[in-house]
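Student: Below: sequence and its predicted model.
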Amino acid sequence: MQKAMNKRQRAKSERQPDRLCPLPFAPCLLPLAPCPLHIALCSLLLALCGCFAPRTERFSLPSGPQERQVRVPRSCGDWRGYLPDPAHPEYLPVRYLRVNFHIMNNRAGNRNFTPAEARPYFRRFLETANAQLDTNLRNWRSPENTAVLPRRYRYVIAPQPGDDGFYFHYDDSLYYFVSQGKNQNNYSRKVIDKYAVGKDSILNIFVMVHHEDSIRSKTYRANGQGIALGTALKIAVIYDPQGSTDSYIGLFNHEVGHILGLSHAWVEDGCPDTDNHPNKCWMWSEQPPCRDLATNNMMDYNAYQIALTPCQIGRIHTALANEKNPVRRLLRPTWCRRNPDQDVVVRDSAVWDGARDLEGNLTVAPGGALRLSCRLSMPAGSSLTVQPGGRLWLDGAHLHNACGLTWKGILVQTAGERRGEVHVLKQPLLENIPAEKSRR
Ligand SMILES: [Zn+2]
């Protein structure tokens, strides 16, 4: 298996796609005094190399104009098409969820974090949450040999012009979170409706506290709690600026898991690698029943909330790739324009039967084979190049730029007798490619 190439290797492969102009040039590069024979020899070599340099042509569909109605689009909604490949993580670019924080306080400003306390605390909070997303562990209740895959999503603060993504509200009627009793308000959206900023494109996090009356009650559990409401999140914390953020991270990732479409893992959640169980063990213990029934899944209730199974990760990426799903709008649109550091080269066999939003050029190198059967977004100005000896299968794929910008299309290279191959298995849809100039 190939490891991801580093930048230097990638640049080298772009310069030398076919290795057709090798050693004979060496003398031309030496600092020799130019003489007519030397100049003539080098000119001849240059001309020869030019003859064999790969010729690049843009691929166009063999039969007439594309018509949407003759193309049967695939649903591409199966989570199995969205599993990160540990050998090729770049095939599924990391997703960045934009978030902001609203610190809810009373009018006196003494029930929750002050601005000076909140900023460092919640920046640390987000760093810890990202570190936890970067760390996946085996789900204790998955079948043996279930893979442990990278999650490939993270959080990023999304400031608006003139602010830093932190908002402070002093509102005696909306600063508190009550999860039980007659004043229960955890399901209320009032605070979201009143204070959310950019809620169609940013995950708004409302940091609230338990009401002092609740805290005085012996039956009320004034601990870390949260609730996901659409693309916003309300969490109840204990106001303690010196306290650790750690105890909220599992809760936070769990609630965001709901926003991204995951159900609780202990019930039927559509994932064959999370079994159903009573969800009665907060922690593992040496004694039964929690010796056998404890769980560490992010979508169960437990003290760890660290593990996500392949199916859960696949389901998250299925949602994030779906252009009709509102959670996709929470993503930083990293796929609009090309980032050369994110160019992808396919050197062995790959099947992408889930949608992808690439951020760089895509190259099918000699010996590589790629089958596309879903949506593939290519960044502006980029190309999908099939090098001599590379093979591309289009199986009803939809190739476009998801931001409506233009990209260069599929380029097929030929070098001598070798050429890149593009096979159409089912009519694809190619969009956002400028019309070719008329050929002579
Ligand atoms: Zn939950």
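Tutor: Yes, it's here.
Student: After the helix or strand where Ser214 lies, which helix or strand is next?
Tutor: Following DSSP states H and E, one finds Ser214 within helix 212-216. Counting by DSSP H and E, the element after helix 212-216 in chain order, helix or strand, is strand 225-229.
Student: hmm, who's touching that next one?
Tutor: 177, 179, 186-187, 189, 192, 233-236, 251-252, 254-256, 258-259 (C-beta atoms under 8 Å, 6 or more residues apart in numbering). From N, CA and C alone the C-beta is placed, and that goes for glycine too.
Student: try it again with 7 Å
Tutor: 177, 179, 186-187, 189, 192, 233-236, 251-252, 255, 258-259 (C-beta atoms under 7 Å, 6 or more residues apart in numbering).
Student: avg pLDDT for that strand?
Tutor: Averaged over strand 225-229, pLDDT sits at 94.
Student: longest single strand anywhere in the chain?
Tutor: strand 95-105 (DSSP state E).
Student: Run through the neighbouring helices and strands of the helix or strand just after it.
Tutor: Moving toward the C-terminus from strand 95-105, the next helix or strand (DSSP H and E) is helix 115-133. Where contact means 3 or more C-beta pairs under 7 Å, 6 or more residues apart in numbering; DSSP states H and E, helix 115-133 is packed against strand 153-157, strand 166-170, helix 246-259.
Student: Centre of the chain to helix 115-133, how far?
Tutor: 21 Å (C-alpha atoms, centre = their mean, to the nearest Å).
Student: can you check stretch 255-267 too?
Tutor: Using C-alpha atoms, centre = their mean, the offset of stretch 255-267 from its chain centre is 17 Å.
Student: Regarding that stretch, how distant is the last residue from the first?
Tutor: Terminal residues of stretch 255-267 are spaced 16 Å apart (C-alpha to C-alpha, to the nearest Å).
Student: what does that stretch contact?
Tutor: Here stretch 255-267 has contacts from 203, 226-228, 231, 233, 269, 274, 276-277, 279, 297-300, 312, 315-316, 319, 327, using C-beta under 7 Å, 6+ apart.
Student: Recalculate using a threshold of 8 Å.
Tutor: Stretch 255-267 is contacted from outside by 97, 141, 153, 155, 203, 226-228, 230-231, 233, 235, 269-271, 274, 276-279, 295, 297-300, 308-309, 312, 315-316, 318-320, 325, 327, 330, using C-beta under 8 Å, 6+ apart.
Student: Narrow the residues you listed to those that are buried.
Tutor: Burial by neighbour count, 16 or more other C-beta atoms under 10 Å: within the contacts of stretch 255-267 this picks out 97, 141, 153, 155, 203, 226-228, 231, 233, 235, 269, 271, 274, 277, 279, 295, 297-300, 308-309, 312, 315-316, 318-320, 327, 330.
Student: Okay, and which of those residues map to helices?
Tutor: 312, 315-316, 318-320 (DSSP state H).
Student: Quick check: the gap between Ala158 and Glu90.
Tutor: 24 Å (C-beta to C-beta, to the nearest Å).
Student: How about His169?
Tutor: His169 is 41 Å from Glu90, by C-beta to C-beta.
Student: The two - which one has more neighbours?
Tutor: Applying other C-beta atoms under 10 Å to His169 and Glu90 shows that Glu90 carries more neighbours, namely 18 against 15.
Student: before we move on, back to that, I'd like the ones in helices among the buried ones among the contacts of stretch 255-267 laid out as TSV, including pLDDT and distance to Ser285.
Tutor: Putting these into TSV (pLDDT from 0 to 100; distance: C-beta to C-beta, whole Å) gives the following:
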residue	pLDDT	distance to Ser285
Gln312	98	25
Arg315	98	31
Ile316	98	31
Thr318	98	36
Ala319	98	35
Leu320	98	37
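Student: Just the closest of those residues to Arg124, please.
Tutor: Of all these, Arg124 sits closest to Ile316, with 24.3 Å by C-beta to C-beta.
Student: Assess the claim that the closest one and Arg154 are in contact.
Tutor: No: counting by C-beta atoms under 8 Å, Arg154 is not a contact partner of Ile316; they are 12.0 Å apart.
Student: Listing request: residues of the protein with sub-threshold pLDDT.
Tutor: Across the chain, the ranges flagged by pLDDT under 70 are 1-52, 63-74, 437-440.
Student: what about 80?
Tutor: Low-confidence segments of the chain (pLDDT under 80): 1-53, 62-75, 222, 436-440.
Student: Domain ranges for it, per the record?
Tutor: 2-49, 55-76+337-430, 94-320 (automatic domain parsing).
Student: Reformat the ones you listed as CSV; add distance to Asp85.
Tutor: Output for the domains of the chain, formatted as CSV (distance: least, C-beta to C-beta, whole Å):
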stretch, distance to Asp85
domain 2-49, 10
domain 55-76+337-430, 8
domain 94-320, 9
